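A.B. asks: attaching a predicted model along with its sequence, questions to come.
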Amino acid sequence: MTQVVYESWGQRVVFGSGTAREDVAAEVAGLGARRVLVIAAEDERALAEDICKDLPVVATFSAVRPHVPAEVAQAVRAAAREHAADLLLSVGGGSTTGTAKAAALTTGLPILAVPTTYAGSEATPVWGLTEEGHKRTGVDPKVLPRIVVYDATLMLSLPTRLSVTSGLNALAHCVDAWWAPRHNPISSALAVEGVRSLASALPRIVADGQDVAARREILFGTYLGAVAFAGAGSGLHHKVCHVLGGAYDLEHAALHSVVLPHVVGLNLPAAPEAARHLAAALDERTDPFGALLALYAQLEPPRSLSELGLAEKELDRACDLVMAQIPDTNPRRVTHGEMRELLGRARRGDTPVPIPLTSPRTEEHPR
């Protein structure tokens, strides 16, 4: 390794339990905001109103949809202009944060994010918009929330299934950071700690959804994974999920939970450093892939793309779309056949398996 390049992103992050209303009020006052546009999906509107009851709210935008369709982006930008907002305050999961980012991208307004899932979008400068079945993503410092207020008690009502899939989405940020285009030792170290926290705490909330300490630990793992992802970029796993999510409007978090072990099975044989990181994070030196599958067995997430709505007749088109997005820096050259086989197994819900290395890279890419 002759050079390490790591770009960090400035952000204020507040962790608490049961203090969201007070923490948000203090942060809004610190920003000097006088006209707050709240962004919250309809089913979280009551929560948002409770958190923001003492704030100078001028309007609430609730037309949130997964993958941020272009028409939603246009509508939230129009709402920000109509109400002369000087702060975007998002309360919700990744789709809600993404909607706030869509507004910030063109208006330049600051975002204060209050996450209610483990999506991690609140800690990255990555935006995504979907139009005509294609999801475009980009990086812009304008969309990174200025402040994040985490409150573990906001997660207590999160259903077990969504807790698991959202937590595995967070874990996917960590894993993808080990082979993403800008992977580096700093992001990798953050990702190891993120996986360690998530793997420890997720089984605990499956056993007891009211375990606040476990919820708090998952938030730490979520944040670490998102920061790692922000520093390393989007790897193969996220490229697959962005393509499938945009083209077929599949449930975001569940999509990540289904695809991740299949991508790990494909890449890990060609990524020895990533294998060492996964082994350290899961405390399993000899079979880290098996340890990941054991974690899945404990959590029982969705296992097939078919149950998310992907039809078998779409597999060839889906494969073509994904192949066009594979990063050049992926640790192995992925053939069309390998990707078609991967998507087929993921659709059927087959047990993920390591894919023998047939087209290895000749060198590592320690960026």
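C.D. replies: On my side now, so go ahead. Residues are numbered from 1 along each chain as shown.
A.B. asks: surely residue 234 is in contact with residue 177?
C.D. replies: No - the pair residue 234 and residue 177 fails to qualify as a contact (Cβ atoms under 8 Å) at a distance of 9.6 Å. For glycine as for every other residue, the C-beta is placed from the backbone atoms N, C-alpha and C.
A.B. asks: least confident secondary structure element in the protein?
C.D. replies: When the helices and strands of the chain are compared on mean pLDDT, DSSP states H and E, strand 134-139 comes out lowest with a mean of 90.
A.B. asks: and the longest helix seen in the chain, average pLDDT?
C.D. replies: Of all the elements of type helix in the chain, the one with the most residues (DSSP state H) is helix 185-207. Along helix 185-207, the predicted local confidence has a mean pLDDT of 98.
A.B. asks: same for it, what does it pack against?
C.D. replies: Helices and strands in packing contact with helix 185-207 are listed as helix 160-177, helix 212-232, helix 272-282, helix 288-299; criterion 3 or more Cβ pairs under 8 Å, 6 or more residues apart in numbering; DSSP states H and E.
A.B. asks: dump the ones you listed into CSV; add mean neighbour count as well.
C.D. replies: Listed next are those as CSV, based on neighbours: other Cβ atoms under 10 Å:
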stretch, mean neighbour count
helix 160-177, 27
helix 212-232, 24
helix 272-282, 19
helix 288-299, 17
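A.B. asks: could those be laid out in JSON lines, adding distance to residue 243?
C.D. replies: Compiled in JSON lines, the helices and strands packed on helix 185-207 are given as follows (distance: least, Cβ to Cβ, whole Å):
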{"stretch": "helix 160-177", "distance to residue 243": "14"}
{"stretch": "helix 212-232", "distance to residue 243": "17"}
{"stretch": "helix 272-282", "distance to residue 243": "22"}
{"stretch": "helix 288-299", "distance to residue 243": "23"}
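A.B. asks: tabulate those (TSV), appending mean pLDDT and distance to residue 60.
C.D. replies: Below are these laid out as TSV (pLDDT from 0 to 100; distance: least, Cβ to Cβ, whole Å):
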stretch	mean pLDDT	distance to residue 60
helix 160-177	97	22
helix 212-232	97	25
helix 272-282	98	40
helix 288-299	98	34
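A.B. asks: quick one: which of the ones you listed is nearest residue 67?
C.D. replies: helix 160-177 (13.5 Å; Cβ to Cβ).
A.B. asks: contacts only, for residue 146.
C.D. replies: Residues near residue 146 by Cβ atoms under 8 Å, 6 or more residues apart in numbering: 11, 12, 31, 110, 111, 112.
A.B. asks: give me the neighbour count for the spatially closest residue to residue 298 that is not a sequence neighbour.
C.D. replies: For residue 298, ignoring the flanking residues on the chain, the nearest one in space by Cβ to Cβ, 6 or more residues apart in numbering is residue 203 at 4.8 Å. Other residues near residue 203 come to 15 when the count uses other Cβ atoms under 10 Å.
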